[in-house]
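Visitor: What follows is a predicted structure for the sequence shown.
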Amino acid sequence: QVQLVESGGGLVQAGGSLRLSCAASGRTVTSLGMGWFRQAPAKEREFVAAISWSGSRIYYADSVKGRFTISRDNAKNTVYLQMNSLKSEDTAVYYCASRFRGDGESLRGNYYYTDWGQGTQVTVAS
């Protein structure tokens, strides 16, 4: 079983930046498709970004493309979400998720993942 722990959330002004981290244990990130999702109050959980297990494919939601970057550090067994030019509508709890050998467009669907972190709150003040 994979354990995922997110960190890096907080309060930031609109236009600012944050970097979220998702530390994995139980498997190496080089064997995991990893995704970031977010859920705002009274809204469904939505896809933000994902990286395939090989690292060769990366996906973004249209709403964050050009502002957010997903990456991973294999040595630290950690996946990151760099968030720039933050907007008030980015306010949500952010979750990371994983699936062994996860790949392809299915990475956009929350149903696809088998393990989830506990989430970290991001609040963007306008």
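Guide: In hand now; what should we look at?
Visitor: Can you say which helix or strand has the nearest residue to Tyr60 once chain neighbours are set aside in it?
Guide: Nearest non-adjacent residue to Tyr60, counting by Cβ to Cβ, 6 or more residues apart in numbering: Ala49, 5.0 Å away. Using the backbone N, CA and C atoms, a C-beta is placed for each residue, glycine as well. Assigned by DSSP states H and E, Ala49 belongs to strand 46-51.
Visitor: picking up where we left off before, is the residue nearest to Tyr60 bridged to anything, and to what?
Guide: Per DSSP bridges, the residues bridged to Ala49 are Trp36, Tyr60.
Visitor: how much space between it and Cys22?
Guide: In this view, Ala49 and Cys22 are 11 Å apart by Cβ to Cβ, to the nearest Å.
Visitor: what residues do these two have in common as contacts?
Guide: 36, 81 (Cβ atoms under 8 Å, 6 or more residues apart in numbering).
Visitor: neighbours around the residue nearest to Tyr60, how many?
Guide: For Ala49, the neighbour count with other Cβ atoms under 10 Å is 26.
Visitor: quick one, what contacts it?
Guide: Counting by Cβ under 8 Å, 6+ apart, Ala49 has contacts 35-36, 58-61, 64, 68-70, 81.
Visitor: between those residues, which has the most around it?
Guide: Neighbour max across those (other Cβ under 10 Å) = Gly35, 30 neighbours.
Visitor: circling back to that earlier point, next, the buried residues of the strand holding Ala49.
Guide: Applying a neighbour-count criterion of 16 or more other Cβ atoms under 10 Å, one finds 47-51 buried in strand 46-51.
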